[in-house]
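**Q** starting from these lines, generate the structure:
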Amino acid sequence: MVAKLVDRVRLIFALQLPIILILLVGAGLRIWSIDFGLPQFQIGDEGALIGAALYAGSHWLQPVRLMYGQLVPLILIFEYSIHYLIGLLIGKFTSVQELFIDYIRDPRDLILIGRFTMALVGVAIVWLVYFVGKKFYNQRIGLFAAFFLASSFLAVKESHYLKEGNLAAFFTLVCFYFSMNILRRGSRWDYLGAGIALGFGIGAKYESILVAPIVFLSHFIRYRKFTLQNLKYFFLGIIPCIVVTFPYLFIHPLAFYQKFLSEYKLTTTVYPLYLQGKPVWWWFFFVHIPDGVGIALFIASILGFIIAVLKGKNKSEYYFLPV
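**A** Alright, predicted model coming up:
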């Protein structure tokens, strides 16, 4: 019986070996030199997110910045609390004030905690891409997609910073997974999962709301008409998550709106330096993404979109890749 169990484990390991190797490559690329540039901040986002976490943690979750979603600061509050408790146990800290002083003197510990978190999320995204590709298409597609993402310069670079992009990408991909399940079976749990994932995705980064049409498109294609059947579970999932990640929105809605609007206007004065008169979509499509993933992979992705549309005539799941 033990021999059969060993053989079964070996078989499972052999079948999973390709994705295991891809995940190891992805993890190695994301963790390699993750401490670069310390103790100085390399981008403003890292300092802003740590500052937001420390401020919210000492001011009853009140946000100091609304340019960012509140999920990353909330995660950092949890992680920094553990860091503080360990510091208490080993005698590094005797009060919360000493944590702040230690951060001002040398911020590397708090930066690395955040960077490692986003690196792990980056690896999780690679696995999730494989899982989605394998389940809804085939294992070969899943492996190719996971490999490209694991080794993509833009994806690896984003995993070296404490930023909100990886977390948003993870939850939007989870939402995509549940949307595909809605298309296939449409259970209430799929709607609930899509709502929870999208709610946390918005909490990580506002732009995650752009995946919402896929949920409704899946729902519409399944029922061939607009119906509220099971759709209520989507809202039961998304609303509590938004409440959790944006508590200040419901405590002081007017102040939230005014602060958000003022910070949004501030960002519009920064991006024109990059755009030079071009629209935002133009810069992302013709500059940022091609430079980030490489021209070869960028062209391959365009061809992949075209192939997906053609295959969509026989299998509706393919339509969702270009969307």
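**Q** alpha carbons of stretch 59-77, as PDB, please.
**A** The C-alpha trace of stretch 59-77 is given here as PDB (Å, rounded to 0.1, in the frame of the first residue of the first chain):
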ATOM      1  CA  HIS A  59      -5.800  56.800  13.100                       C
ATOM      2  CA  TRP A  60      -8.500  54.200  13.200                       C
ATOM      3  CA  LEU A  61      -8.100  53.200   9.500                       C
ATOM      4  CA  GLN A  62      -8.500  56.800   8.200                       C
ATOM      5  CA  PRO A  63      -6.800  57.000   4.800                       C
ATOM      6  CA  VAL A  64      -4.100  59.600   4.300                       C
ATOM      7  CA  ARG A  65      -4.200  59.200   0.500                       C
ATOM      8  CA  LEU A  66      -7.100  58.200  -1.800                       C
ATOM      9  CA  MET A  67      -5.000  58.000  -4.900                       C
ATOM     10  CA  TYR A  68      -4.500  54.300  -3.900                       C
ATOM     11  CA  GLY A  69      -7.000  51.700  -2.900                       C
ATOM     12  CA  GLN A  70      -7.000  50.800   0.800                       C
ATOM     13  CA  LEU A  71      -6.400  47.100   0.600                       C
ATOM     14  CA  VAL A  72      -2.600  47.200   0.400                       C
ATOM     15  CA  PRO A  73      -2.400  49.500   3.500                       C
ATOM     16  CA  LEU A  74      -4.700  47.200   5.300                       C
ATOM     17  CA  ILE A  75      -2.500  44.200   4.500                       C
ATOM     18  CA  LEU A  76       0.600  46.100   5.500                       C
ATOM     19  CA  ILE A  77      -1.100  47.000   8.800                       C
END
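**Q** and for that stretch, what's in contact with it?
**A** Here stretch 59-77 makes contact (CB atoms under 8 Å, 6 or more residues apart in numbering) with 45, 48-53, 55-57, 110, 113-114, 117, 162, 164, 167-168, 200, 202-206, 245-248, 256, 259-260, 263-264, 266-267. Bear in mind the C-beta positions are built from the backbone N, C-alpha and C, glycine included.
**Q** ChimeraX command for the buried members of the residues you listed?
**A** Filtering those down to the buried ones (16 or more other CB atoms under 10 Å) takes a single ChimeraX command:
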select :45,48,49,50,52,53,56,57,110,113,114,117,162,164,167,168,200,202,203,204,205,206,245,246,247,248,256,259,260
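**Q** from memory residue 207 sits against residue 171, does it?
**A** No. Checked against CB atoms under 8 Å, the pair residue 207 and residue 171 is beyond contact range at 11.6 Å.
**Q** in terms of neighbours, single out the busier of the two.
**A** residue 171 (26 against 14; other CB atoms under 10 Å).
**Q** for residue 301, which non-adjacent residue is spatially closest?
**A** residue 293 (7.3 Å; CB to CB, 6 or more residues apart in numbering).
**Q** now the one you found: how far from residue 156?
**A** 11 Å (CB to CB, to the nearest Å).
**Q** so which of the contacts of stretch 59-77 are in helices?
**A** When the contacts of stretch 59-77 are checked against helices (DSSP state H), the matches are 45, 48-53, 55-57, 110, 113-114, 117, 167-168, 200, 202-204, 245, 247-248, 256, 259-260, 263-264, 266-267.
**Q** mind listing what the closest residue to residue 321 other than its chain neighbours touches?
**A** Leaving aside its sequence neighbours, residue 321 sits nearest to residue 308 (CB to CB, 6+ apart; 4.2 Å). Residues near residue 308 by CB under 8 Å, 6+ apart: 318-319, 321-322.
**Q** before we move on, what SS does the spatially closest residue to residue 259 that is not a sequence neighbour have?
**A** Leaving aside its sequence neighbours, residue 259 sits nearest to residue 66 (CB to CB, 6+ apart; 5.1 Å). Following DSSP: H, G, I helix; E, B strand; the rest coil, residue 66 is assigned to coil.
**Q** phi first, then psi, for residue 66.
**A** Dihedral angles of residue 66 (phi, psi; degrees, to the nearest 10) stand at phi -110, psi 0.
**Q** count of residues packed around it?
**A** 22.
**Q** try residue 68
**A** Other residues lying near residue 68 total 21 when counted by other CB under 10 Å.
**Q** could you do residue 279 as well?
**A** Residue 279: 9 neighbours (other CB under 10 Å).
**Q** now do the same for it: its pLDDT.
**A** Residue 279 carries a pLDDT score of 78 in this model.
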